[in-house]
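S.K.: My questions are about this predicted structure, shown below with the sequence.
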Amino acid sequence: MLSYVIRRVIYIIPTLVLVSIISFAVIQLIPGNYLTTHSLDPTISRERIEQQKELLGLDQPLWVRYWKWVKGIFLRGDLGYSFANYAPIGSVLFKGRLGYTVFLGLCTLTFTYLFSIPIGIYSATHQYAPSDHFFTLLSFLGLSIPNFFLALVLLYLLAGIFEVGPSLGVGGLFVQKYISQPWFNGAVPNWAKIGNFFWHVWPYVIAVGTAAMAGVVRLMRGQMLEFMNRQFAQTARAKGLAENIITYKHVFRNAINPLITGFGYSFRTMVSGSLITAIVLGVPTVERAYWNALQQQDEQVIMVGLTFFAFMLLFGNLVADILLAWADPRIRYD
Amino acid sequence: MQKGRRGEEEVSELGDRVGGSKESASQWELMWRRFKRHKAGQVGGVIILVVSTLVFMANFLGPYHYAVQHRRYSNAPPTDIHFLDEGGLAWPYVYKTTSELNENYRRVFKEDKSEKYPIKFFVKGEKYSFWGLFESRIHLFGTGTKEAPIFPFGTDKFGRDIFTRTLWGGWVSLLIGPFALITTLVIAIPIGLISGYFGGTVDMLIQRLTEVVMAFPKLPLWLALAMIFQGLPSAYRFFFIVAVFSFVDWTSLSRTLRGLVLSAREQDYSMAARASGASTPRIMFRHILPNTISYLMVASTLSIPGWIIGEASLSFLGLGIKEPQTSWGLLLNQASNIQSLVSYPWLIIPGAFIVVTVLAFNFLGDAVRDAADPFATIGDEE
């Protein structure tokens, strides 16, 4: 098992290298860079631009710049420099944001699977019943609403209809007064801040999570239906086992495996969804910083951002593979 | 148990029909039969037809030209259409609206109830060209006077009629799917065929490349690619969005195709073709490709909703379709901050069109999946 995990981790490395090269290439294709916005500014002289170009290393050939970037990451843990913010990329893209991205991502995944799996099982055991049709319709609706539109509708409901804006806050992660407050007062958690944080988390989680739900529900339902009529289930039924035990211990245990593989896929949907939702709701995540960088044409930040997203996906797939190897003893490790 | 019985019943019913007609049903007939049993899929198809008609007739159905600005009516709410007057039920009419600034310097609209303006059908309005075929001034409905305009969905900040703009903007959402599909297939089919048929180093290289492109989440990569074509004139932006989508999305399609080709290559029919001296391209395109067609159909219909949402997202963020062109996503862009969302909630009406259209395509895709799967037992939904 351990050697399998190690092999999978090593396998990621060449992909990640290629990913970083593609990210780099994409950025080079974007016409203009941060300095072009300066060259239109009459108050900045030509010489100064040339000087900056040299300082930032933009006058060097592409492969030298790429190599320098990679070397910086490995030797100094330096991800590069944000020209637009005059700050290292680590602090622009990740500082104070990575935690939110990871936490909100976990919340969203929990939400998606916590609801989809029971709904899938229920739909399968009540096939063609009105409730089955209802849930199918509901999950199709979730699939069909663009994340950003759902986020807009939730924003409107909260701010326009229920008018909770002034008291509880709408958009972002906190009301103004909590932003500067610490999470803990000594050893006592700051419950007011935590409560306000979770109040802002739920619209985000719903807006992002519903998109992936339809796929999971459908997969779960289909898998359950397939295994419910297998011979092992019939045997269990024939020897008089309770239907509940058959469903949850025998059928479910077999049906769950493709869902673990599908985990990688829902991860992919989630990163896209969380990007646009974070923009609409103004949530300070890494995705949001990536969007800022796109608008500022801050090329190195875009590059690191793209590589980071790809890294997240590869990591998600890795976790899915390991989970699958752990959950399904039939999988061979070699 | 119930399921099993249902399945048998339907098989025998279908079997009778096939047997009765003396001729065996073709693959397409079987597909069509299975499709006809899928109610939601048909509803989806009908919705798509209705939306397409609305969009196709946008110039005629909308009371105004999509780009005309009614300056006195910026951010006007949807016009109230009255069906009742003092004498009970009446021919639908509207009132003239006037606006004034309230104490917060926000424009509020009030109805001036002194005169009624009945809604007329086939009224003369602004001149438009119907897809370049002919010019006309006739609009389906309107008040026929500039005194009291009618805005069924309200207006945006430039005073443009959102109803007309919504209908007009729909063409992007309806056409992005088919266009992106064609370009994606053009890229994915040769790559998938070559990778699966030749195997070896070629296959290895193609699969590594596929893996790398698939390692990126779609939206962030789309956005970065969209930046490349930022300066493009708005008339060409539709095609560039198509290019961006197909550049990223050929991967999953070609990968599954490769898997299918890999097994088809070893089957008797391709062996036979090879033995009888058919050329490699002929085996690939005439023998193997037609055998993957049902898979391609399913994958195609299922990927269209994603592209519609993708275009809406790009345009919403300002990197897709741009002014003066319009699309459903771009229309929502004006509602993207809380202030305007709360003050002018009618700005999000176009979003409902996205949801309905995507839902319809999802239903249709689901029906096609059930119908086209050659291994499905008839009557079995999964």
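M.R.: Nice, I can see it. Computed from a predicted structure; not experimentally measured. Residues are numbered from 1 along each chain as shown, chains lettered A, B, ... in the order given.
S.K.: Would you mind measuring from A:Gly264 to chain B?
M.R.: For A:Gly264, the distance to chain B (Cβ to the nearest Cβ, to the nearest Å) stands at 10 Å. Using the backbone N, CA and C atoms, a C-beta is placed for each residue, glycine as well.
S.K.: What count of nearby residues applies to that residue?
M.R.: 19 (other Cβ atoms under 10 Å in any protein chain shown).
S.K.: which stretch of helix or strand covers it?
M.R.: Secondary-structure assignment from DSSP states H and E places A:Gly264 in helix A:257-281.
S.K.: Next secondary structure after that helix?
M.R.: helix A:286-296.
S.K.: Check whether whichever helix or strand comes after that following helix comes near chain B.
M.R.: Counting by DSSP H and E, the next helix or strand C-terminal to helix A:286-296 is helix A:299-327. Yes. Counting by Cβ under 8 Å from any Cβ of the partner chain, chain B is contacted by helix A:299-327 at A:Ile302, A:Gly305, A:Leu306, A:Phe309, A:Ala310, A:Met312, A:Leu313, A:Leu314.
S.K.: Can you tell me how far the first one is from B:Leu209?
M.R.: What that stands for is A:Ile302. Using Cβ to Cβ, to the nearest Å, one gets 21 Å for the distance from A:Ile302 to B:Leu209.
S.K.: more neighbours, these two?
M.R.: Under the criterion of other Cβ under 10 Å, the comparison of A:Ile302 against B:Leu209 puts A:Ile302 first, with 24 against 16.
S.K.: and the stretch 101-250 of chain A, which of its residues are near chain B?
M.R.: A:127-128, A:140-141, A:143-149, A:152-153, A:155-156, A:159-160, A:165, A:170-171, A:221-222, A:225-226, A:229.
S.K.: Tell me the buried residues within those residues.
M.R.: Among those, those scoring as buried are A:127, A:140-141, A:143-149, A:152-153, A:155-156, A:159-160, A:165, A:170-171, A:221-222, A:225 (criterion: 16 or more other Cβ atoms under 10 Å in any protein chain shown).
S.K.: Identify those among these that sit within helices.
M.R.: Among those, DSSP state H puts A:140-141, A:143-144, A:147-149, A:152-153, A:155-156, A:221-222, A:225 in helices.
S.K.: Reformat those residues as a markdown table; add distance to A:Val251.
M.R.: Rendered in a markdown table, the data for these read as follows (distance: Cβ to Cβ, whole Å):
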| residue | distance to A:Val251 |
| --- | --- |
| A:Phe140 | 24 |
| A:Leu141 | 27 |
| A:Leu143 | 25 |
| A:Ser144 | 30 |
| A:Asn147 | 33 |
| A:Phe148 | 38 |
| A:Phe149 | 37 |
| A:Leu152 | 40 |
| A:Val153 | 37 |
| A:Leu155 | 41 |
| A:Tyr156 | 42 |
| A:Arg221 | 12 |
| A:Gly222 | 12 |
| A:Leu225 | 9 |
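S.K.: Which one of those is nearest to B:Val50?
M.R.: For those, the minimum distance to B:Val50 (Cβ to Cβ) is 16.3 Å, reached by A:Ser144.
S.K.: Relative to A:Arg218, how far out is that closest one?
M.R.: Between A:Ser144 and A:Arg218 the computed distance is 13 Å (Cβ to Cβ).
S.K.: quick one: common contacting residues for those two?
M.R.: Both A:Ser144 and A:Arg218 lack any common contacting residue under the criterion Cβ atoms under 8 Å, 6 or more residues apart in numbering or on different chains.
S.K.: Tell me if I'm right that A:Tyr156 and B:Ile348 touch.
M.R.: Yes. Taking Cβ atoms under 8 Å as the definition, A:Tyr156 is a contact partner of B:Ile348 at 6.6 Å.
S.K.: okay, and the common contacts of these two?
M.R.: Counting by Cβ under 8 Å, 6+ apart, the contacts common to A:Tyr156 and B:Ile348 are B:Leu341.
S.K.: ok, B:Arg137 - contacts?
M.R.: B:Lys124, B:Gly125, B:Glu126, B:Lys127, B:Tyr128.
S.K.: Quick one: distance of the one helix or strand the third one maps to to the chain centre.
M.R.: With secondary structure defined by DSSP H and E, B:Glu126 is part of strand B:120-130. Strand B:120-130 has its C-alpha centroid displaced from the chain centroid by 27 Å (Cα atoms, centre = their mean, to the nearest Å).
S.K.: Show me the strands paired with that strand, marking each as parallel or antiparallel.
M.R.: Paired strands of strand B:120-130, with direction, are strand B:134-142 (antiparallel) (DSSP bridges).
S.K.: to the chain's geometric centre, what's the distance from the strand it pairs with?
M.R.: The offset between the C-alpha centroid of strand B:134-142 and the centroid of the whole chain comes to 26 Å, using Cα atoms, centre = their mean.
S.K.: for it, what is the average pLDDT?
M.R.: Mean pLDDT, taken over the full extent of strand B:134-142, equals 82.
S.K.: so where do the strands sit in chain B?
M.R.: Ranges of strands within chain B are B:82-85, B:88-101, B:107-118, B:120-130, B:134-142, based on DSSP state E.
S.K.: is it possible to export these to CSV including distance to A:Ala187?
M.R.: What follows is the strands of chain B, written out as CSV (distance: least, Cβ to Cβ, whole Å):
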stretch, distance to A:Ala187
strand B:82-85, 65
strand B:88-101, 54
strand B:107-118, 53
strand B:120-130, 70
strand B:134-142, 69
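S.K.: among the ones you listed, which is nearest B:Thr256?
M.R.: Going through those one by one, with Cβ to Cβ as the measure, strand B:120-130 comes closest at 42.1 Å.
S.K.: what stretches of chain B score poorly on pLDDT?
M.R.: B:1-23, B:373-382 (pLDDT under 70).
S.K.: er, chain A I mean
M.R.: Under the criterion pLDDT under 70, the flagged ranges of chain A are A:32-41, A:55-58, A:165-167, A:331-334.
S.K.: what's the distance between the most centrally placed residue in chain B and B:Leu302?
M.R.: Relative to the mean C-alpha position of chain B, the nearest C-alpha, by Cα atoms, centre = their mean, is the one of B:Leu174, at 3.7 Å. Distance of B:Leu174 to B:Leu302, given as Cβ to Cβ: 17 Å.
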